[in-house]
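1. Sequence first, predicted coordinates after that:
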Amino acid sequence: MGWIFAIFLGLIPAFVYVLSIYLWYPFVGEVALQRDSQEQKKRRLCSATACAIASCILCLTLGVNFEDKGIAFNQPCLHLLSIVKSAIATVVLFAGPLIQGFVYENLNAASVFTTFHYKSVLSWNAYIISPILEEIVFRGQVISIVRHVIGEDEASVIKLMISSTIIFVIAHAHHLLEKEANLMQTVGQLFISSLFGALSSFLFIRTRSVLGPIISHIFCNLHGPPPIQRIRNINQVKKYGHFILLG
């Protein structure tokens, strides 16, 4: 029962953050809120930041301190190690797709990041700001709440990972309600979200810092999911090689 209650409490900051997506509907209407418009992104940036701050205040009222949330300001070495460990783990995890791109698609180090345009609000929101806010909420706050409620002794790595991943997926399930949503594509995105949520949760739990998962999240957003579809278009020998690399 304690674990279920912990998940329920963990859903509160998650839902507060997701609320930022729909916060402007009563004021400007659904028609004006086109998902990828500059104005919509600016509005969501403001409301998401406000909701993330509100979630932090909620956590503090529950007795969760900054150190529990992985954002303690007096532990620079901890955060530096978290960044290094998370970066290494993420690059190793993406070694297959990266090598695939460098070997077969003539990519270079710079081309991995060509999707980021520093003058675009959309790029800053998608690749920098959203990962920071999401990791603070879904890892720093949610996992800390679950750990705080069920107790340090009962908070195993597996239990915390499962709890936070469930909350992360539930919080992203609102995409199923979007009118233009493709069911299979959305389900696939939720599956990928669950895998990434488990990875970020593991990094946060092991490093006790939110900065490592933030770096991992930014990298994953820039790189995108592994290009599984492209495997169908290459010969059999290369196909086996790709599967080995993707593993």
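-> Good, I have the coordinates.

2. Which residues are in contact with Ile143?
-> By Cβ atoms under 8 Å, 6 or more residues apart in numbering, Ile143 lies in contact with 10, 160, 163-164, 201, 204-205. In this view, the C-beta of every residue, glycine as well, is placed from N, C-alpha and C.

3. How about Ser130?
-> Residues touching Ser130, when contacts are defined by Cβ under 8 Å, 6+ apart, comprise 48, 221.

4. one more time with 10 Å, if that's ok
-> Applying Cβ atoms under 10 Å, 6 or more residues apart in numbering, one finds that Ser130 lies in contact with 41, 44-45, 48, 124, 217-218, 221.

5. can you check Gly212 too?
-> Here Gly212 is in contact with 70, 78-90, 135, 139, 200, 203-204, 206 (Cβ under 10 Å, 6+ apart).

6. ok, 8 Å please
-> Per Cβ under 8 Å, 6+ apart, neighbours of Gly212: 79, 82-83, 85-87, 203-204.

7. Which helix or strand in the chain has the lowest average pLDDT?
-> In the chain, no helix or strand scores lower on mean pLDDT, DSSP states H and E than helix 236-246, which sits at a mean of 51.

8. Could you measure from the residue nearest to Arg147 when sequence neighbours are not counted over to Ile162?
-> Setting aside the residues directly before and after it, Arg147 is nearest to Ala155 in space (Cβ to Cβ, 6 or more residues apart in numbering), at 4.3 Å. Between Ala155 and Ile162 the computed distance is 11 Å (Cβ to Cβ, to the nearest Å).

9. in which helix or strand would I find Ile88?
-> helix 76-93 (DSSP states H and E).

10. Quick check on Arg208: phi, psi?
-> Note on Arg208: backbone dihedrals following degrees, to the nearest 10 are phi 60, psi 30.

11. My read is that it contacts His79, right?
-> No. Here Arg208 lies out of contact with His79, judged by Cβ atoms under 8 Å, at a distance of 9.3 Å.

12. Show me the shaky parts of the chain.
-> For the chain, the stretches with pLDDT under 70 are 1, 24-38, 65-74, 100-117, 175-181, 225-247.

13. what's the overlap in contacts for Arg208 and His79?
-> Common neighbours of Arg208 and His79 (Cβ under 8 Å, 6+ apart) do not exist.

14. how about the helices of this structure, start to end?
-> Ranges of helices within the chain are 2-22, 25-28, 38-61, 76-93, 95-104, 121-124, 130-135, 142-150, 157-172, 183-207, 211-223, 236-246, based on DSSP state H.

15. and among these, the most buried is which?
-> Comparing the helices of the chain by mean neighbour count (mean count of other Cβ atoms under 10 Å), helix 142-150 ranks first with a mean of 25.

16. what's the angle between that helix and helix 38-61?
-> Interaxial angle of helix 142-150 relative to helix 38-61 (axes from the mean of the first three to the mean of the last three Cα atoms, to 10 degrees): 20 degrees.

17. tell me the angle of helix 142-150 relative to helix 183-207?
-> 60 degrees.
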